[in-house]
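Engineer: below: sequence and its predicted model.
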Amino acid sequence: MRFSAWAVLAAAILLCGCATNYGSVGLTGGFTEKELEPNVWRIGYYGNGFTTPETVQTYWLYRCAEFTLEKGFNGFEIISNITLVQRRPTDVQVASSVPIFIPMDTAPKPYIEADIRLLKSPLTLRPGKVFDAAALKSQLEGPVKGKKCDMGNVCPHVHHYLYDEGTPPAAPTGSATPVPAPAPTPSQ
């Protein structure tokens with residue numbers, strides 16, 4: 001009996017030393033859903049003290065897409081006033097890879113909780129606001145289900161799904177010189 005108590009304690013310590021996995025809410029975080037009115041849902045994704053904001057955002061968007069398809073819809077619109085991070089590899093800051101103990105009750109715990117409206121086709125896509133659920137789920141499948149980085153977090157990736165494919169994302173604030181607007185063409 002004493003051995004099994006130690007095994008449970010060791011498993012709990014190991015479990016608490018990693019980022020939140022993708023799944024429904026549990027001891028280390030996860031997703032929640034609550035219907036607010038027909039076709040409007042509040043989706044939450046909660047991380048633990050080892051989970052990065054990028055991981056929470058990726059899991060939240062993936063859950064929104066997955067949930068939309070489960071409900072028989074084609075897309076969703078974010079109707080809450082939230083800002084999604086548009087990270088590119090040049091934005092990533094590398095931290096030490098040495099594990100550091102951070103008490104779970106004092107570490108920041110990133111989360112996203114926002115309302116979405118489920119949509120049927122035809123969709124008018126607006127990057128960062130209105131998404132095709134099947135396309136978004138497909139784009140996020142690798143980061144969510146594939147290899148993980150630093151303590152089990154989603155590996156840094158370019159967030160192509162948050163901007164028009166023909167329009168590169170804006171440069172991070174303060175890191176580039178603004179490009180002047182093109183001169184107007186003279187009318188004939």
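Structural biologist: It's in.
Engineer: the longest helix along the chain - what's its average pLDDT?
Structural biologist: Longest helix in the chain, counting residues (DSSP state H): helix 53-70. For helix 53-70, mean pLDDT rounds to 97.
Engineer: and it, what does it pack onto?
Structural biologist: Contacts defined by 3 or more Cβ pairs under 8 Å, 6 or more residues apart in numbering; DSSP states H and E place helix 53-70 against strand 30-37, strand 40-46, strand 75-78, strand 111-119, strand 130-132, helix 133-145, strand 153-154. Every residue, glycine included, has its C-beta placed from N, CA and C.
Engineer: need the contact list for residue 54.
Structural biologist: Applying Cβ atoms under 8 Å, 6 or more residues apart in numbering, we find residue 54 in contact with 85, 87, 153-154, 156.
Engineer: around residue 149, count how many other residues there are.
Structural biologist: 15 (other Cβ atoms under 10 Å).
Engineer: my guess is it meets residue 58, correct?
Structural biologist: No. Using Cβ atoms under 8 Å as the test, residue 149 is too far from residue 58 to be in contact (11.8 Å).
Engineer: which helix or strand in the protein has the lowest average pLDDT?
Structural biologist: helix 2-16 (a mean of 50; mean pLDDT, DSSP states H and E).
Engineer: these two touch, right, residue 67 and residue 33?
Structural biologist: Yes. Applying Cβ under 8 Å as the test, residue 67 and residue 33 come out as touching, 6.2 Å apart.
Engineer: more crowded one of the two?
Structural biologist: residue 67 (19 against 16).
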